[in-house]
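**Student:** sequence plus predicted model, see below.
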Amino acid sequence: MGNTSQRSSQIRATLIALAVSAAGYMPNPAVAAGVTEQAAFFAACMGRYTAHLDHQRMHGQEAPTVREKRDIYADLLGAIEQDAHAAGLDPSGLSQFLTRARTMQERLLVVAQYHVDPRRADIAAAQVRQHMRQCDAMILG
């Protein structure tokens, strides 16, 4: 029975990873069902803030608040990482959440800044703002 429960947790974590990577969904940790969802949220936000920090550095505009927010999410993730692993989240899963969120945010930032179609650039910029509002709400709320 224990293997079934562990397998079920692994399948659940994989499904959450797919949800995060598709359409930018991130569970709200205030209503998350468990520590694995919280860890996924924290990793995704850490990835998004890392993308913003890299983008700012590339343009010589590094903002300390972005680094501070990324570091907050690194601390939050570090605080629950072992519990998330104990709850069945594969250690590589957190890395995947972070990497996918970072990559998606990097792409959106590039499209928002450089796309030749103003409509697509505006849509990308709106998605960037939405993602960051989700992350900011956890820190500020």
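**Tutor:** It's in.

**Student:** quick check: what element follows the helix or strand that contains Arg48 along the chain?
**Tutor:** Assigned by DSSP states H and E, Arg48 falls within helix 35-58. For helix 35-58, the succeeding helix or strand toward the C-terminus, using DSSP H and E, is helix 64-86.

**Student:** off-centre distance for that following helix?
**Tutor:** 11 Å (CA atoms, centre = their mean, to the nearest Å).

**Student:** what mean pLDDT does it get?
**Tutor:** Confidence over helix 64-86 (mean pLDDT, whole number) is 92.

**Student:** can you check stretch 132-141 too?
**Tutor:** For stretch 132-141, the per-residue pLDDT values average out at 86.

**Student:** so which bits of it are buried?
**Tutor:** Going by neighbour count (16 or more other CB atoms under 10 Å), the buried part of stretch 132-141 is 132, 134-135, 138. In this view, the C-beta of every residue, glycine as well, is placed from N, C-alpha and C.

**Student:** what would those look like in JSON lines with secondary structure?
**Tutor:** Written out in JSON lines, the entries for these read as follows (DSSP: H, G, I helix; E, B strand; the rest coil):
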{"residue": "Met132", "secondary structure": "helix"}
{"residue": "Gln134", "secondary structure": "helix"}
{"residue": "Cys135", "secondary structure": "helix"}
{"residue": "Met138", "secondary structure": "helix"}
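
**Student:** can you check the pLDDT for the residue most central in space within the chain?
**Tutor:** In the chain, the centroid-proximal residue (CA atoms, centre = their mean) is Ala44; its distance is 1.1 Å. You'll see Ala44 listed with a pLDDT of 95.

**Student:** measure it to Asp54 for me?
**Tutor:** Here the criterion is CB to CB, to the nearest Å. By it, Ala44 lies 16 Å from Asp54.

**Student:** rewinding a little: the inter-axis angle of the helix holding Arg48 versus helix 64-86?
**Tutor:** Between the axes of helix 35-58 and helix 64-86, defined by axes from the mean of the first three to the mean of the last three CA atoms, to 10 degrees, the angle is 150 degrees.
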